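*Asks:* This is a predicted model, with the sequence first.
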Amino acid sequence: MSASIAHKQPVIFCDFDGTITMKDNIVAIMRYFDPPGWANTVDEIISKKRSIRDGVTALFGSLPTSRKEEIIRYSVENAVIRPGFRELLRICREHDIPFYVVSGGIDFFIKPLLADYPIEAEQIYCNIGHFDGVYIRIEWPYTCDEHCNNDCGTCKPRIMRSFPPQQYYRIVIGDSITDFEAARAADYVYARSHLLEQCQSSGIPYEAYEDFHKISASLQQHLATSLSHASEDKRRDSQ
Ligand SMILES: [Mg+2]
Ligand SMILES: [Zn+2]
């Protein structure tokens, strides 16, 4: 982490599926409820033949709302939160580091899974599932702006743009190709799985993690280093 963390406000943008939770919840829901053609649609998203927004709309658009309770119950009971998450939130709070969840996932599983953690509603950027028709309909409040033509679904770079790099030290935590554009824009990246491989092959600096304990330790170390830099600066200025 560069010394610039000492002169800017750090802010964290953390993915949800496969990052805060151990596995991707959308894939888990599809695998379990098995709507027709879901595996093919997932393949098309991964191979970028289909945009995330379009593909995820199609996936949920094939699940009947009559199974709403079952779907919600399954997704909440089946998900496992990655170890060390509560500790990371505590450290962020202690150091006044805003923590945002930026997710291409859906509110009906994200919000119940985070209900037990000290995260305010306005810290969560995600999509909204509607159960008012025959099939689940997804509302996308954070689609791409004019600077992005990726049809992201949840456009993570767009969300980060409201935190200007002159003022903020932007830290991204993620696990997959949907975090790549965010990682490219970030000052510092914690990566695992596909995101790690993609950062590696594109030459984007990253630090690997498998749990949040690792990230907490790394963050505290960088903050301690930046504090000692800041006090050195002060000493030098006063001489
Ligand atoms: Mg993910
Ligand atoms: Zn976008």
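*Replies:* Yep, that arrived. Computed from a prediction, not measured in an experiment: that's the story for all the values here. Numbers count the residues shown, from 1 in each chain. Ligands and ions are numbered 1, 2, ... in the order given.
*Asks:* Now for whichever residue of the chain sits closest to ligand 1, how many residues are close by?
*Replies:* For the chain and ligand 1, the shortest gap (C-beta to the ion) falls at residue 18, measuring 3.7 Å. Every C-beta, even on glycine, is put in place using the N, C-alpha and C of the backbone. Neighbour count for residue 18, taken as other C-beta atoms under 10 Å: 23.
*Asks:* Contact partners for the nearest residue to it once chain neighbours are set aside?
*Replies:* Spatial nearest neighbour of residue 18, chain neighbours left out: residue 175 (4.1 Å); criterion: C-beta to C-beta, 6 or more residues apart in numbering. Residue 175 sits next to 15, 17-19, 191-195 when contact means C-beta atoms under 8 Å, 6 or more residues apart in numbering.
*Asks:* same check, this time on residue 8
*Replies:* 167-169, 187 are the contacts of residue 8 under C-beta under 8 Å, 6+ apart.
*Asks:* ok, it to residue 44 distance?
*Replies:* 39 Å (C-beta to C-beta, to the nearest Å).
*Asks:* same thing with residue 177?
*Replies:* For residue 177, the distance to residue 44 - C-beta to C-beta - is 13 Å.
*Asks:* and the helix or strand where residue 127 lies, which strands flank it?
*Replies:* Counting by DSSP states H and E, the element that carries residue 127 is strand 124-130. Sheet partners assigned to strand 124-130 using DSSP bridges are listed as strand 99-106 (parallel), strand 137-139 (antiparallel).
*Asks:* in it, what counts as buried?
*Replies:* Buried positions in strand 124-130, judged by neighbour count with 16 or more other C-beta atoms under 10 Å: 124-127, 129.
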